[in-house]
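> turn this into a structure:
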Amino acid sequence: MDYVKGIFRARPNRFIAEVEVEGELEIAHVPNTGRCKELLIDGAAVWLKPSDNPNRKTKYSLHFVENKGVLVSLYSQQANSIVYDAIIDGKIKELAGYDFHQREKTVENSRIDIYLANREDNCCGMNFLTEPCYVEVKGVTLIVDGEARFPDAPTERGAKHMKELIKLKKDGNRCAVFFLIQHPAGKFFRPNWENDPNFSKTLNEAHEAGVEILVYRCDNRLDGIELIAEPLDFDLNPPEAD
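Here you go, the predicted model:
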């Protein structure tokens, strides 16, 4: 199904947006709970995916917004799929070489986005998994002077994920947090100390504990989104500490 172009007008709450389509005001679902206030401004061009479900309350979902001359993906849940597919395709060199891949691995009372391991046979010919690796994925849309920053709003859930990775790392597992920049203008990553110092501090603690940090970005097109197979640099310090 093709995208429909519209004009963003307002966001009454974090789940819906008012958009103008061919002169008519429509309601669209926003698949991103972040603030996105620097992206969703009155008059911004947006690209909507129509729904053929007659029981849906909204006729459209808002997938892309034009910003700084590029398409920005607002479908935050898609970040996990993009990273997972890129791992399978061998595009992420740091996570290559695993022959077992799983989405949403349950660990105690939590779910980690991606679980990787290697299959080995024991003396009885039974398969078992070794060298486990846990990967938590975060989609990033906020750009400040070319820097991609996460989060764009305080996230207790994000800090909780970092603490879970710290525990898994201390238990002897390989762990990584993967920041997928969904705004093509982002060339570098830094945690958003101004908006969420708690997450930023916890991310630093995770890194010091041995949790790896991986940063990549997307090439966004209306006919598909692909991960660009070139890792980007990051700096975990506050901007004023440079």
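
> which pLDDT value belongs to Glu164?
Glu164 is assigned a predicted lDDT (pLDDT) of 95.

> ok, the one 10 residues further on next?
At Arg174, the predicted lDDT confidence score is 96.

> roughly how far apart are it and Tyr216?
Distance from Arg174 to Tyr216, counting by Cβ to Cβ, to the nearest Å: 18 Å. In short, each C-beta sits where N, CA and C put it, glycine included.

> in terms of neighbours, single out the busier of those two.
More neighbours surround Tyr216 than the other of Arg174 and Tyr216, with 21 against 17 (other Cβ atoms under 10 Å).

> am I right that the more buried one is in a strand?
Yes. The assignment for Tyr216 (DSSP: H, G, I helix; E, B strand; the rest coil) places it in a strand.

> what's near enough to touch it?
Taking Cβ atoms under 8 Å, 6 or more residues apart in numbering, we find Tyr216 in contact with 83, 86, 92, 178-181, 227-232.

> in the chain, where's the longest helix?
Criterion DSSP state H: the longest helix present in the chain is helix 156-170.

> show me what secondary structure element comes after that one.
The C-terminal neighbour of helix 156-170 among helices and strands, as given by DSSP states H and E, is strand 174-181.

> quickly find the element holding the residue positioned nearest the centre of the chain.
Centroid-nearest residue in the chain: Gly139, 1.8 Å away (criterion: Cα atoms, centre = their mean). In this structure, Gly139 sits in strand 127-140 according to DSSP H and E.

> just Ala206 next, same as before
Using DSSP H and E, the element containing Ala206 is helix 197-208.

> could you list the low-pLDDT ranges of this protein?
Scanning the chain for pLDDT under 70 picks out the ranges 1, 121-128, 241-242.

> domains for it, by residue range?
4-67, 78-241 (automatic domain parsing).

> what's the burial count for the closest residue to the residue nearest to the centre of the chain other than its chain neighbours?
In space, and not counting its chain neighbours, Gly139 is closest to Ala79: 3.5 Å by Cβ to Cβ, 6 or more residues apart in numbering. When neighbours are defined as other Cβ under 10 Å, Ala79 has 25 of them.

> hmm, Ala79 is touching Lys138, no?
Yes. Counting by Cβ atoms under 8 Å, Ala79 does reach Lys138; the two are 7.3 Å apart.

> list residues touching both of the two?
Leu180.

> shouldn't the residue nearest to Gly139 be within a helix?
Yes. Assigned with three-state DSSP, Ala79 falls within a helix.

> measure it to Pro191 for me?
In this view, Ala79 and Pro191 are 17 Å apart by Cβ to Cβ.

> same question, Arg14
22 Å.

> which one's more surrounded, those two?
For the pair Arg14 and Pro191, the greater number of neighbours falls to Pro191 (25 against 13), based on other Cβ under 10 Å.

> spatially nearest residue to the more buried one (excluding sequence neighbours)?
In space, and not counting its chain neighbours, Pro191 is closest to Ser200: 3.8 Å by Cβ to Cβ, 6+ apart.

> would you check that that neighbour makes contact with Asn192?
Yes. With contact defined as Cβ under 8 Å, Ser200 and Asn192 form a contacting pair (6.6 Å).

> so what's Ala28 up against?
Gly6, Ile16, Ala17, Glu18, Val19, Val46, Leu48, Thr58, Lys59, Tyr60, Ser61, Leu62.

> what about it, which SS state?
Taking three-state DSSP as the rule, one finds Ala28 in the strand state.

> give me the neighbour count for Val137.
By other Cβ under 10 Å, the residues close to Val137 number 22.

> so what's it bridging to?
Counting by DSSP bridges, Val137 is bridged to Phe178.
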